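Q: Sharing a model that was predicted from the sequence below.
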Amino acid sequence: MTEEIGVGMVGHAFMGAVHSHAWRSVHRFFDVPLTPRLAALGGRDAVRAKEAADKYGWAAVETDWRALVARDDVQLVDVCTPGDTHAEIALAALAAGKHVLCEKPLANSVAEAEEMAAAASAAAERGVRSMVAFNYRRVPALALARRLVAEGRIGDVRHVRAVYLQDWLSDPESPMTWRLRREKAGSGALGDLGAHIVDAAQFVTGGLITGVSATTETFVEERPDGAGGRDQVTVDDAAVFLARFDSGALGTFEATRFALGRKNAMRLEVNGSRGSLAFDFESMNELSVFSADDGPESGFRRVLVTEADHPYVGAWWPPGHLLGYEHTFTHEVADLLTAISEGVDPAPSFADGLRVQRVLAAVEDSAGHESAWTTIGDTR
């Protein structure tokens with residue numbers, strides 16, 4: 001029997017539900033060296049938190065996250081709250097010697113992210129591990145894309161096209177949520193969706209973004225507040241930017257929650273000197289692969305990423321049986337538990353999260369200065 005690790009999770013909405021599923025299922029499919037014990041769930045409303053704990057399988061409830069962090073039966077803290085609380089909770093957990101999994105984006109500002117990355121680095125010297133929850137890295141097709149790029153299968157990377165398209169805010173009468181308030185979310189589509197494609201692009205290509213030219217827009221400036229009035233939207237609805245990578249590759253990025261008909265179209269295309277790769281999360285089990293070496297009959301090939309030797313897939317079903325969104329979080333916690341057991345830093349680290357945060361800040365800075373080219377310092 002493997003050693004147990006007590007998990008305490010703060011937050012129990014959308015991300016809390018999918019994280020709970022991952023913690024419950026990971027040791028049933030992956031040969032992880034630590035077995036998660038769902039020790040405590042944190043939520044401000046005792047009744048709602050108890051309902052969530054009973055539904056998702058958590059043993060106890062805390063209405064103060066500080067009490068959850070302090071529990072002797074919690075060795076790992078999973079932060080699934082809005083961005084304005086990430087830094088405070090994660091810093092307290094690291095100081096208490098607890099491992100941390102923190103939802104993306106890492107923080108609401110570069111200053112917060114810098115403090116978190118520094119604390120994570122210091123904690124790592126004491127054997128305390130931390131990771132940012134960029135779950136799309138754990139889509140088998142994107143992990144396979146990274147492998148192909150690293151093996152040189154598409155040659156030198158020249159172009160990156162990344163978009164994340166949703167439409168759930170396209171109705172101007174959709175009500176206000178915390179995601180539309182800067183003090184809670186930090187930014188809008190940029191941080192919510194753009195953070196994912198920035199991380200995915202850097203992950204797959206192995207390169208880092210060094211500069212951007214950007215524009216953002218808020219299409220609907222007021223929304224129903226739920227009490228008969230209207231409330232001001234203080235974040236972007238869409239962000240578009242050009243980017244340059246440290247390898248010299250060029251990139252285009254778009255994030256919006258106003259693309260009618262697109263529900264969760266997270267897409268990435270990479271063009272190299274010898275081939276290309278293309279991915280769309282709405283067909284998440286597929287990777288399109290083009291090789292110039294195939295001659296005059298060459299064209300994009302549809303690779304169904306369900307073979308046992310594809311990343312993560314061997315733990316699941318026979319070839320051709322598809323995986324879903326929830327599996328990416330199971331892969332995420334499997335990697336984290338393995339890293340903790342082996343005494344190594346997991347990826348993406350808080351330092352990786354900081355690099356993404358710097359890109360997001362540069363996008364906002366550029367957009368606020370008439371799309372001026374804005375460099376990103378200290379990319380390493």
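A: Received, thanks.

Q: Is the residue located most distally from the centre of the chain in a helix, a strand, or coil?
A: Distance from the C-alpha centroid of the chain, by CA atoms, centre = their mean, peaks at Pro296 (39.1 Å). Under DSSP: H, G, I helix; E, B strand; the rest coil, Pro296 falls in the helix class.

Q: Repeat that for the one 3 residues further on.
A: Judged by three-state DSSP, the three-state class of Gly299 is coil.

Q: now the closest residue in space to it that isn't next to it in sequence: how far from Phe300?
A: Leaving aside its chain neighbours, Gly299 sits nearest to Phe290 (6.8 Å; criterion: CB to CB, 6 or more residues apart in numbering). From N, CA and C alone the C-beta is placed, and that goes for glycine too. Distance of Phe290 to Phe300, given as CB to CB, to the nearest Å: 5 Å.

Q: Those two - which one has more neighbours?
A: Legend: neighbour count by other CB atoms under 10 Å for Phe290 and Phe300, higher for Phe290 (18 against 14).

Q: Packing partners of whichever strand or helix holds the more buried one?
A: Using DSSP states H and E, Phe290 falls within strand 286-291. Helices and strands touching strand 286-291, as assessed by 3 or more CB pairs under 8 Å, 6 or more residues apart in numbering; DSSP states H and E, comprise helix 140-150, strand 275-280, strand 301-304.

Q: and the longest one, what's its mean pLDDT?
A: Helix 140-150 comes out with an average pLDDT of 98.

Q: List every C-alpha atom in that helix, with coordinates, as CSV.
A: Extracted C-alpha coordinates of helix 140-150, given in CSV (Å, rounded to 0.1, in the frame of the first residue of the first chain):
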residue,chain,number,x,y,z
PRO,A,140,-2.3,13.8,-24.5
ALA,A,141,-2.4,15.4,-28.0
LEU,A,142,-0.6,18.6,-26.8
ALA,A,143,1.9,16.5,-24.8
LEU,A,144,2.5,14.5,-28.0
ALA,A,145,2.9,17.8,-29.9
ARG,A,146,5.6,18.8,-27.5
ARG,A,147,7.4,15.5,-27.9
LEU,A,148,7.4,15.8,-31.7
VAL,A,149,8.8,19.4,-31.6
ALA,A,150,11.5,18.3,-29.1
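
Q: in it, what counts as buried?
A: Across helix 140-150, burial judged by 16 or more other CB atoms under 10 Å covers Pro140, Ala141, Leu142, Ala143, Leu144, Ala145, Arg146, Leu148, Val149.

Q: what angle do that helix and strand 275-280 make?
A: Interaxial angle, helix 140-150 versus strand 275-280 (axes from the mean of the first three to the mean of the last three CA atoms, to 10 degrees): 160 degrees.

Q: Pull the residues that contact helix 140-150.
A: 136-137, 154, 157, 200, 203-206, 268, 270, 272, 277, 279, 284-287, 289, 303, 305-306, 310-313, 323, 331 (CB atoms under 8 Å, 6 or more residues apart in numbering).

Q: Go again with 6 Å.
A: Phe203, Val204, Leu277, Phe279, Leu287, Val305, His310, Pro311, Tyr312, Val313 (CB atoms under 6 Å, 6 or more residues apart in numbering).

Q: Need the pLDDT of the most centrally placed residue in the chain.
A: The residue lying closest to the centre of the chain (CA atoms, centre = their mean) is Phe134, at 2.3 Å. Here, the pLDDT recorded for Phe134 equals 98.
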